[in-house]
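# how would this look folded up:
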Amino acid sequence: MPINGNPRKDRFLKERTQLCPLFYPSDTPYESSSRSQVVLRLLTFIANGYLVRIVAPEVLGVVYVRLTLLLTTILFLSREPLRKVALTKHSLEEWPRLVALIWRSFPFSIGLAGLLVVVWVWLLDPPPLPHYSLGCVMFGVSALIELTAELPYIYLVNNLYIRAPLIAEGSMQIARTLITIILAHYSSSLLPFIIGHVVAAMVMTSLLWFTYFTKSGGYDKVWYENACVAPAHLRLMMSFGKQSVLKQLLTEGEAYVMTLFPVISFAQQGVFSTISRLASIVMRVGFKNIEDSYYLLFAQMLKRGLPREQQNSDSLETCKETLGNLLRFMTFFGIIITVYGLSYSRLALLLYGGRKLADSEATFLLQMYCPYIYVCGINGVTEAFFFAIMSQVEVERHNLRLLGFSLLFLALSLCLSYMFGTVGFIFANIANMIIRISFSIKYITEFYDTIDMVYRMIPNIPEIMLITVCGSTALLSKFVLEVIADSVLGYICHIIIGCLSITLVLQYTWMAEDTSFKLFIKSILPNRIRDKLE
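Reported below is the predicted structural model:
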């Protein structure tokens, strides 16, 4: 049965109810899927670091900002509303209607891709690089190839075959990066990136369809002749569609400003995109998995649109405890990233992209990006709960708020980039996330009629003092050993000091935390590490 009554799902929810883990224990596919994805992401990360060293910043700026914006706009506006509807709890009888919804939304994606390609080619100022128009067309084609795999993706995720989509997406990234690197040695134009994106999209789509036909058994139909789209699904999808437009503006606002207004050069865009990709490896590997996984948990355990009084009491308490522990985890992780990012940003860039990148404005951009990672983590968790339980009326109401947020964010991005240059985009992003967090927390506290989850985000005084002292020690080490003694030995000593200080912080935090938080941390760790903490 593709949607309900799946033994894998029953076992999944039972374990979630007990410990609220992010992944299964190591004897099931979930831990191995997480481990596989991390390995794939790291390989792609290393390959991208090499790519930064051999490709001109102007080319990176065009690919990573303008062409990637075209790709992500098509994918996000097509995928997000559909997945929000289809990845919620459904009965077996609704599966044919979901299949009909999936396929009948594809013509919209084709029209959207065609419209955006026309805008990118004929209405925007073209960069002084060959093959730009071809790049716009083929990036649009690449997006459509990926969208043909929505049916297998939704089926596999709904039935908790988590590993297959993760491996498919990771394989796509590796194929894209390796093809681009190989071809970049023969051409300094956009062609290596164009070919890499198209081939990688075909790799991911092929893997998903192969896995779908392998796992679906008797439910391998890709079309139901008599099935029609459920009006409720269509209305909800339209509501999420309007929300997705606004969310895309909020998420990619700086890219739209860079594309539409000449606030910074293509070379500066290349540096900014490099830093963004380096810093967002944390969000892509960790935060996105957490957000998607716990959105699924909240959506399965709570009923959308019902008030607290009509929800199952055990599910309410479990979700409340899980949400509080998630926010506390994100807070500690974000504080550590922010504090130690000040001391180790230049060293990270030196290892990643070489001295030329480390000695540019990239170091300051990465330092400012660290607090943005912090607020992104908090926002992802709060919105995962928020979007999982909202009714259609609440979705429509929130769309109006997002419209205001979007306009404010675009105005901030434009003004702050003119005032502060490239770093102004990061400041605008941080302000945007803080505003979104405040509204999500307001909704959550009203739903539960308590602010206990907010208190869970606040570290105690000894923890704050220890993090401050250890962070200051690492910062002093940076100036003494990295700046003054600019040598290999100085960098090694700087790394050792950082490792010792962060170990002290983690050990004290583990000893000072309550049992609930420790159980939560154990539940998301591999068994080998979990056993050592016993």
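
# which strand or helix spans the closest residue in space to residue 448 that isn't next to it in sequence?
Nearest in space to residue 448, with sequence neighbours left out and distances taken as Cβ to Cβ, 6 or more residues apart in numbering, is residue 320 at 6.0 Å. (Each C-beta comes from the backbone N, C-alpha and C, glycine too.) In this structure, residue 320 is located in helix 313-353 according to DSSP states H and E.

# likewise residue 264?
With DSSP H and E as the test, residue 264 turns up in no helix or strand.

# quick one: it from residue 127, how far?
Using Cβ to Cβ, to the nearest Å, residue 264 is found at 13 Å from residue 127.

# can you check residue 139 too?
14 Å.

# what about these two, which has more around it?
For residue 139 versus residue 127, neighbours defined as other Cβ atoms under 10 Å are more numerous around residue 139 (28 against 17).

# need phi/psi at the more buried one.
phi -70, psi -40 (degrees, to the nearest 10).

# return the residues in contact with it.
67, 68, 70, 71, 194, 197 (Cβ atoms under 8 Å, 6 or more residues apart in numbering).

# quick check: the gap between it and residue 462.
Residue 139 is 51 Å from residue 462, by Cβ to Cβ.

# tell me where the chain is predicted with low confidence.
1-38, 40-41, 88-93, 217-227, 229-230, 284-286, 482-486, 524-534 (pLDDT under 70).

# which residues does the nearest residue to residue 521 once chain neighbours are set aside contact?
Computed as Cβ to Cβ, 6+ apart, the closest residue to residue 521 that is not its neighbour in sequence is residue 329, at 7.0 Å. Residue 329 is in contact with 517, 520, 521, counting by Cβ under 8 Å, 6+ apart.

# distance of residue 329 from residue 173?
26 Å.

# report the inter-axis angle for the strand or helix carrying residue 490 versus helix 313-353.
Under the criterion of DSSP H and E, residue 490 resides in helix 488-512. With axes from the mean of the first three to the mean of the last three Cα atoms, to 10 degrees as the basis, helix 488-512 and helix 313-353 are set at 170 degrees to each other.

# after helix 488-512 comes which helix or strand?
By DSSP H and E, the next helix or strand past helix 488-512 is helix 515-523.

# returning to that earlier point: now, which of the contacts of residue 139 sits nearest residue 150?
residue 71 (15.6 Å; Cβ to Cβ).

# tell me how far the host helix or strand of that closest one lies from the chain's centre.
Following DSSP H and E, one finds residue 71 within helix 68-86. Mean-position distance between helix 68-86 and its chain equals 13 Å (Cα atoms, centre = their mean, to the nearest Å).

# and the next element down the chain from it?
helix 95-104.

# may I see the buried residues of that following helix?
95, 96, 97, 98, 99, 100, 101, 102, 103 (16 or more other Cβ atoms under 10 Å).

# try stretch 110-117
Result for stretch 110-117 [16+ other Cβ under 10 Å]: buried residues 112, 113, 116, 117.

# go through those and flag which are in helices.
If you go by DSSP state H, the buried residues of stretch 110-117 have 112, 113, 116, 117 in helices.

# closest to residue 163 among the residues you listed?
residue 113 (29.5 Å).

# hmm, that closest one is touching residue 74, no?
Yes. In this structure, residue 113 is within contact of residue 74 by Cβ atoms under 8 Å, at 5.0 Å.
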